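Participant: got a predicted model here, sequence first, then my questions.
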Amino acid sequence: MAAKNNGDSLILKLVWENIRFRPVRTLLSILLIAVPVTLILMLIGLSRGVLEDSGRRTQGIGADIVFRAPSSSLISFNGASLSSKLVDLLGQEPHVTLATGVVNQPVAGGIDTITGLDIQAFNRMSGGFVFVEGHSFEKADDILIDAYYASQVHAKAGGSINVLNRPWHVAGIVEPGKLSHLFVQLPVLQELIGATGKVSQIYLKLDSPDNLKTVTDALKAKFDGYPIYSMRELLSLLSVDNIPVLKTFINVIIGIGVVIGFSVVSLSMYMAVLQRTREIGILKSLGASKGFIMAIILAEAFAMGLGGTILGIAFSFATRSIMHVFVPASLPQAIVVSWWPIAGSVAMGAALLGALYPGMLAVRQDPIEALAYE
Amino acid sequence: MNNGQPSPEPIIHIRNLRKTYDSGKVSVEALRGIDLDVPKGEFLAIIGPSGSGKSTLFHIVGGLTPPTSGEVVVAGRNLSHVGDAGRTELRAKHVSFVFQKFNLLPNLTARDNIRTALSIAGLPTDPFDAEFENVLELLGVRQRLDHKPSEMSGGEQQRVAIARALATKPTILLADEPTGNLDSRNSLAVLELLKDLNERFHQTILMITHNSDAAAFGHRIMHMNDGQISEV
């Protein structure tokens, strides 16, 4: 058998044995590195999940075009500043077979939205709700909620819930996926929020999808300054990249992740270098170069970064499950696989950066002092 | 192999070696003008009280610390002129240490301790060559190669430490109180092993000791006092 130098595998073995030798310190470090990974993946998952959920529900109404008020933001559907008269006006446009306006109002601190709708027009456009329990609107204080929201607030048809500082009778529970999680009759919500004769946006159904571009172009020419989107266009815009506030927020969280990862690994490796002073002295007495010792420190940091990344990914599944149990309507979290390498790179980068200073300390250690260390 | 007698060729050549440690405002002169020649294949015992400078001499010859002044040539390298990288290379390829406290890497088995030394020296780690297998046999550690230091007795650990030191076939073996942590039976065994290695493999050995009985195993005994050689 030919003799071979297994230097790299020996470094890996040394790192593995070092990690195994102090399991509590290793596990704590990995756990702490996992925190920013989880934070990043959870935040991205929530952003993506909320937007996708919103997109699905918007699509669920079955409209072809969305007509919105000037200066309305892409993700904020609240506020009713469009005149209801526009609904009739738009309904008379060529190729438009149906137009309906809705009012959206944030509830629960803005996490959820209640929608006021014209149930007959909505039914014609979307095919109507599928009822899990109960029935449609009968009285002014009737509210319909989807199954996710019902599960979140433990509500049943015939019961009562408090929304917008007033009690509502839960007339029915519907299957999710259409426009919102909570629905009341349009005039009731208009009056409640002081927006009588106003709507937040108007949905248009066309006679044929082939006329989509013609109608959209005509409307844009006629109603200059109004955001007018085809449904496909609107859905494509519902992404993290198109929402500057969300992007900034995510960058802040990534920054925090880097700081946490850096600090954790730096402290952990600093402790490790102190604990292994004598071992570093032994390696130096054997003729280990600065590069060899730095490679061991960095390899250990890399291993912890990798462990933290894997654990962080596992935790992001756990947070999704927890949120699905407790707040399925308000905070749907997606698993965004494409962000795993990004979150992993943040953790690894922070871990390697954090290991540099302790690594330099180890490299610079005087071998005689290190060998005398007890 | 030879007959166990040192050749006249000096493998260590030291002239007017001085070493001063500065700690704040105080300077301590640990070595004060050492002259020494060690021929290849010699087993030299250095004896002296604590603070006599024998450990400092050992560290300089082993490339663990640079000399302050003077000429120190070890295995053809002038240590007065090489930097940290040069001393690191000397330790990896030409000089090996055996310490009083064994200094095995605690997380690794005996085999991996030896492999680590080989790997650092850039030598093949697998399998061990036939000559080294003989050394392992002589040291009586072949059956202990897959044990970690914590699973071995002090005597076994020191024999593994000697095996690790010899694995790279160093020009010089530096032994610092190699029997200091051993009982008399194991001490005698280790000293006989060192003598045997010197005689069989012509291994140059410098051994520091407090013990005059241990020193008697060397070809020569060098006494040190106050940073100087007092008697050879």
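Facilitator: On my side now, so go ahead. Numbering: from 1, shown residues only, chains lettered A, B, ... in the order given.
Participant: got the residue ranges for the strands in the chain?
Facilitator: Since no chain was named, I'll use chain A. All strands of chain A, identified by DSSP state E, fall at A:65-68, A:82-83, A:96-107, A:112-117, A:131-134, A:142-146, A:160-163, A:166-174, A:182-185, A:198-199, A:201-206, A:228-230.
Participant: actually, chain B is the one I wanted.
Facilitator: Using DSSP E, strands in chain B cover B:10-23, B:26-39, B:43-47, B:69-74, B:77-78, B:95-98, B:172-176, B:204-209, B:220-225, B:228-231.
Participant: for chain B, which of the strands of chain A is the nearest?
Facilitator: Chain B sits nearest to strand A:112-117 of all the strands of chain A, at 54.5 Å, using C-beta to the nearest C-beta. Any C-beta I mention is one placed from the backbone N, CA and C, and that applies to glycine too.
Participant: CA atoms only: put that closest one into PDB for me.
Facilitator: Provided in PDB are the C-alpha atoms of strand A:112-117 (Å, rounded to 0.1, in the frame of the first residue of the first chain):
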ATOM      1  CA  ASP A 112     -55.300  41.400   9.400                       C
ATOM      2  CA  THR A 113     -57.800  43.200   7.200                       C
ATOM      3  CA  ILE A 114     -61.600  43.200   7.200                       C
ATOM      4  CA  THR A 115     -63.200  43.600   3.900                       C
ATOM      5  CA  GLY A 116     -66.600  45.200   3.200                       C
ATOM      6  CA  LEU A 117     -68.100  43.700   0.100                       C
END
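Participant: relative to it, what are the paired strands and their orientations?
Facilitator: Its sheet considered, strand A:112-117 pairs with strand A:96-107 (antiparallel), strand A:182-185 (parallel) by DSSP bridges.
Participant: which residues does the nearest residue to residue B:63 once chain neighbours are set aside contact?
Facilitator: Nearest non-adjacent residue to residue B:63, counting by C-beta to C-beta, 6 or more residues apart in numbering or on different chains: residue B:87, 3.5 Å away. Contact partners of residue B:87, counting by C-beta atoms under 8 Å, 6 or more residues apart in numbering or on different chains, are B:63, B:64, B:66, B:79.
Participant: and the furthest pair within the residues you listed?
Facilitator: The span of the contacts of residue B:87, defined through C-beta to C-beta, is set by B:64 and B:79 at 10.5 Å.
Participant: so can I have TSV of the strands of chain B showing mean pLDDT and distance to chain A?
Facilitator: Shown next, in TSV, are the strands of chain B (pLDDT from 0 to 100; distance: least, C-beta to the nearest C-beta, whole Å):
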stretch	mean pLDDT	distance to chain A
strand B:10-23	92	10
strand B:26-39	92	12
strand B:43-47	95	17
strand B:69-74	94	13
strand B:77-78	92	13
strand B:95-98	94	5
strand B:172-176	94	9
strand B:204-209	94	14
strand B:220-225	94	18
strand B:228-231	84	21
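Participant: dump those into TSV; add mean neighbour count as well.
Facilitator: Shown next, in TSV, are the strands of chain B (neighbours: other C-beta atoms under 10 Å in any protein chain shown):
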stretch	mean neighbour count
strand B:10-23	16
strand B:26-39	16
strand B:43-47	24
strand B:69-74	19
strand B:77-78	15
strand B:95-98	26
strand B:172-176	25
strand B:204-209	25
strand B:220-225	18
strand B:228-231	15
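Participant: export those to CSV and append columns for distance to residue A:145.
Facilitator: Output for the strands of chain B, formatted as CSV (distance: least, C-beta to C-beta, whole Å):
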stretch, distance to residue A:145
strand B:10-23, 78
strand B:26-39, 82
strand B:43-47, 90
strand B:69-74, 85
strand B:77-78, 84
strand B:95-98, 77
strand B:172-176, 80
strand B:204-209, 85
strand B:220-225, 92
strand B:228-231, 95
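Participant: pretty sure residue B:14 is touching residue B:33, no?
Facilitator: No: in this structure residue B:14 lies outside contact range of residue B:33 using C-beta atoms under 8 Å: 10.0 Å.
Participant: which neighbours do the two share?
Facilitator: residue B:70.
Participant: what residue in the stretch 51-200 of chain A comes nearest to chain B?
Facilitator: Chain B sits closest to residue A:52 of the stretch 51-200 of chain A, with a gap of 48.2 Å, by C-beta to the nearest C-beta.
Participant: I figured that residue hits residue A:334, correct?
Facilitator: Yes: Residue A:52 sits in contact with residue A:334 when judged by C-beta under 8 Å, with a separation of 6.0 Å.
Participant: those two: which has the busier surroundings?
Facilitator: Counted by other C-beta atoms under 10 Å in any protein chain shown, residue A:52 and residue A:334 do not tie: residue A:334 has more neighbours, with 19 against 15.
Participant: can you list the residues of chain B near chain A?
Facilitator: Residues of chain B lying close to chain A by C-beta under 8 Å from any C-beta of the partner chain are B:59, B:62, B:64-65, B:85, B:88-93, B:96-97, B:99, B:103-108, B:112, B:115-127, B:129, B:164.
Participant: so which of those residues belong to helices?
Facilitator: B:59, B:85, B:88-93, B:112, B:115-120, B:164 (DSSP state H).
Participant: what residues are up against residue B:61?
Facilitator: By C-beta under 8 Å, 6+ apart, the contact set of residue B:61 is B:12, B:14, B:72, B:74, B:79, B:95, B:172, B:174, B:206.
Participant: mind putting those residues into CSV with distance to residue A:178?
Facilitator: Output for the contacts of residue B:61, formatted as CSV (distance: C-beta to C-beta, whole Å):
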residue, distance to residue A:178
B:12, 90
B:14, 92
B:72, 87
B:74, 85
B:79, 83
B:95, 80
B:172, 85
B:174, 83
B:206, 88
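Participant: which non-adjacent residue is nearest residue B:79?
Facilitator: Once flanking residues are discounted, residue B:79 sits nearest to residue B:72: 4.3 Å by C-beta to C-beta, 6+ apart.
Participant: neighbours of the residue of the stretch 151-300 of chain A found nearest chain B, how many?
Facilitator: Nearest residue of the stretch 151-300 of chain A to chain B: residue A:287, at 2.5 Å (C-beta to the nearest C-beta). Around residue A:287 there are 25 other residues, counting by other C-beta under 10 Å.
Participant: nearest residue to it in space, please, no chain neighbours.
Facilitator: Nearest residue to residue A:287 in three dimensions, chain neighbours excluded: residue B:92, at 2.5 Å (C-beta to C-beta, 6+ apart).
Participant: low pLDDT regions in chain B?
Facilitator: Chain B contains residues with pLDDT under 70 at B:1-9.
Participant: and the longest helix for it?
Facilitator: If you go by DSSP H, chain B has its longest helix at helix B:184-201.
Participant: pull the distance from that one to the chain's centre.
Facilitator: Centroid separation for helix B:184-201 versus its chain: 14 Å, with C-alpha atoms, centre = their mean, to the nearest Å.
Participant: how about stretch B:12-30?
Facilitator: Relative to the chain's own centre, stretch B:12-30 is displaced by 21 Å; criterion: C-alpha atoms, centre = their mean.
Participant: still on that earlier bit, how much space between the residue of the stretch 151-300 of chain A closest to chain B and residue B:95?
Facilitator: 8 Å (C-beta to C-beta, to the nearest Å).
Participant: try residue B:38
Facilitator: Distance, residue B:38 to residue B:95, using C-beta to C-beta: 12 Å.
Participant: quick one: contacts for the residue nearest to residue B:40 when sequence neighbours are not counted?
Facilitator: Distances taken as C-beta to C-beta, 6+ apart place residue B:11 nearest to residue B:40, at 4.3 Å, with adjacent residues excluded. The contact partners of residue B:11, by C-beta under 8 Å, 6+ apart, come to B:38, B:39, B:40, B:74, B:75, B:171, B:172, B:204.
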